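>>> what's the 3D shape of this:
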Amino acid sequence: MRPLADIRIVSLEQYGAGPFGSMHLAELGAEIIKVEDPSVGGDVGRTVPPYTAGDDSLFFQSFNRDKASITLDIRSPEGREVFLELVRGADAVYSNLRGDVPAKLGIRYDDLKDVNPQIVCCSLTGFGMTGPRSAEPGYDYVLQALGGWMSITGEPGGAPQKTGLSLVDYCGGYVAAISLLAAVHGARRDGVGTDCDLSLYDTAVSLLTYPGTWHLTAGYEPAPTRRSSHPSLVPFQAFQASDGWLVVGCAKEKFWQRLTIVLDRPELAEDPRFVSFADRGRHRDELVPLLEDLFATRTVDEWLAPLYAASIPCAPIRDVAAALTDPHTLERDLIAETPTEHFGPVRSLRSAVRVGPPGADRAPTRSAPAMGADTDRVLRELGYDDSRITALRASGALGKD
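Next up is the predicted model:
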């Protein structure tokens, strides 16, 4: 049995951040009942281009494996009744909506505690349910701008840049998953549920980590660094070889000493300008051009062999295709293949979250569901017979056929 097989989550989720967070829980065995509003075509992620077909997209498949989908308009009286029945037997209600929407939909703990005193109401919003921005929509790009990320990404003097991936969304999903599990644990222990007020804004700002600490405590001003260099560890950056790029990082003094041997410049280890991290930091503008000239004299592979042999942190800078076909990627079983109606076999990335000994087989995974694929099954499990399901469908609570 998977570790979360006894957890049921009713999820009002959409697009990226929310579905990303719950997908990890689903892969660990949690039952995710994805509630999709039929009046708006369900999760907007189903229509994200360029790879779309019917009510599905490869974007949607990337975030919704191993879940069940029901169509339900919880704003209608009939739909609300079904929703409350779901809450009665659930551990959590999970959502990623605008900060003022949980109150409007009645999905906070105070709204649901009379139905289920142990229910956890986990809301991942753009800006949280308090504060001057709470009613604003939040998107990864917006949060990278507001959170300071774009001011420190890219090359010095260049335009502000976002990270290549939607990392605020994805980290927000992880934050929500951790918070939900902690709250469910507390509810089972104490018999009382709670709200979890989470936000992408909080996530983005908290991930400033040590540059934020340096700024708040010592007045440090974070800024973009040339060739993605570390702000204080020198050398730790991208270098251009004769046929491509590689990253070399001296995160410990011993790596710097070994690097001087690999470079066939052992005297650099004794040069008073470069002896310590502090020295190399002060003389960065002298050391880095010297290293760049040396790295440019050989190919990436010619550098990697001695660097690996010396156990110096390093890697070729590869494209996505190379990362996805790396033997280590395959050995770690990071790629799932699931059959789908519209796209045939879909290959997507599995969760990095694991439970079990090294090398243990992973549980089989299922493709993301068609919209409403599990509606009838879930309703019957709640005790609804065919006549009640037909009446619900006629009312529009389940959407129109």
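>>> Correct me if wrong: residue 23 contacts residue 66.
Yes. Counting by C-beta atoms under 8 Å, residue 23 touches residue 66, with 6.9 Å between them. For every residue, glycine as well, the C-beta is placed using N, CA and C.
>>> what sits in contact with each of the two?
Counting by C-beta atoms under 8 Å, 6 or more residues apart in numbering, the shared contacts of residue 23 and residue 66 are residue 32.
>>> how about the closest residue in space to residue 29 that isn't next to it in sequence, what does it touch?
Spatial nearest neighbour of residue 29, chain neighbours left out: residue 2 (2.7 Å); criterion: C-beta to C-beta, 6 or more residues apart in numbering. Residue 2 makes contacts with 28, 29, 355, 363, as judged by C-beta under 8 Å, 6+ apart.
>>> confidence score at the residue lying closest to the first one once chain neighbours are set aside?
Which is residue 28. In space, and not counting its chain neighbours, residue 28 is closest to residue 4: 4.4 Å by C-beta to C-beta, 6+ apart. At residue 4, the model reports a pLDDT of 97.
>>> ok, now residue 399?
Listed pLDDT for residue 399 reads 87.
>>> what's the spacing between it and residue 281?
Using C-beta to C-beta, to the nearest Å, residue 399 is found at 61 Å from residue 281.
>>> quick one, which of these two is more surrounded?
residue 399 (20 against 14; other C-beta atoms under 10 Å).
>>> so who does the more buried one touch?
38, 39, 71, 73, 372, 393.
>>> Neighbours of the nearest residue to the fourth one once chain neighbours are set aside, how many?
Sequence neighbours aside, residue 79 is the residue nearest to residue 73 in space, at 4.3 Å (criterion: C-beta to C-beta, 6+ apart). A count of nearby residues for residue 79, using other C-beta under 10 Å, gives 23.
>>> Now name the helix or strand holding residue 79.
Using DSSP states H and E, residue 79 sits within helix 77-88.
>>> OK, contacts around the residue nearest to residue 28?
Contact analysis of residue 4 by C-beta under 8 Å, 6+ apart lists 25, 28, 29, 30, 181.
>>> Narrow the residues you listed to those in strands?
Using DSSP state E to define strands, no part of these is located there.
>>> And for the residue lying farthest from the centre of the chain, nearest residue in space, chain neighbours not counted?
For the chain, the largest distance from the centre (C-alpha atoms, centre = their mean) belongs to residue 267, which lies 44.7 Å off. Distances taken as C-beta to C-beta, 6+ apart place residue 260 nearest to residue 267, at 7.5 Å, with adjacent residues excluded.
>>> Okay, helices next: where are they in the stretch 1-150 of the chain?
17-27, 58-63, 77-88, 101-105, 109-112, 140-146 (DSSP state H, counting those that start in this stretch).
>>> Nearest approach to residue 382 belongs to which of these?
helix 77-88 (4.9 Å; C-beta to C-beta).
>>> who touches the closest one?
With C-beta under 8 Å, 6+ apart, helix 77-88 has contacts from 10, 33, 35, 72-74, 93, 106, 112, 115-116, 119, 378-379, 382, 384, 391-392, 395, 397-398.
>>> Buried residues, it. List them.
The neighbour-count check on helix 77-88 (16 or more other C-beta atoms under 10 Å) flags 78, 79, 80, 82, 83, 84, 85, 86, 87 as buried.
>>> now, among the residues you listed, which is nearest to residue 202?
For the buried residues of helix 77-88, the nearest to residue 202 is residue 87 (25.8 Å; C-beta to C-beta).
>>> and the closest one, what pLDDT?
Predicted confidence (pLDDT) for residue 87: 98.
>>> From residue 33, how far off is it?
Counting by C-beta to C-beta, the gap from residue 87 to residue 33 is 11 Å.
>>> Kindly report the same for residue 262.
Counting by C-beta to C-beta, the separation of residue 262 from residue 33 is 55 Å.
>>> Between those two, which is the more surrounded one?
Taking other C-beta under 10 Å, residue 262 and residue 33 do not tie; residue 33 has more neighbours (22 against 18).
>>> That one is in contact with residue 7, isn't it?
No. Checked against C-beta under 8 Å, the pair residue 33 and residue 7 is beyond contact range at 11.4 Å.
>>> Find the nearest non-adjacent residue to residue 123, please.
residue 102 (4.8 Å).
>>> pull the CA atoms of stretch 59-79 into CSV?
Taking Å, rounded to 0.1, in the frame of the first residue of the first chain, the C-alpha atoms of stretch 59-79 are listed here in CSV:
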residue,chain,number,x,y,z
PHE,A,59,0.2,20.6,-20.5
PHE,A,60,-2.7,19.1,-18.6
GLN,A,61,-1.2,15.7,-18.8
SER,A,62,2.0,17.0,-17.2
PHE,A,63,0.2,18.0,-14.0
ASN,A,64,-2.7,15.7,-13.5
ARG,A,65,-1.7,12.1,-13.6
ASP,A,66,-3.2,9.7,-11.1
LYS,A,67,-6.2,11.8,-10.3
ALA,A,68,-10.0,11.5,-10.7
SER,A,69,-12.1,14.2,-12.4
ILE,A,70,-15.7,15.1,-11.7
THR,A,71,-17.7,17.9,-13.2
LEU,A,72,-19.6,19.9,-10.6
ASP,A,73,-20.8,23.5,-10.3
ILE,A,74,-20.5,24.1,-6.5
ARG,A,75,-22.2,27.5,-6.9
SER,A,76,-25.5,25.8,-7.7
PRO,A,77,-27.6,24.5,-4.8
GLU,A,78,-27.6,21.0,-6.1
GLY,A,79,-23.8,21.1,-6.7
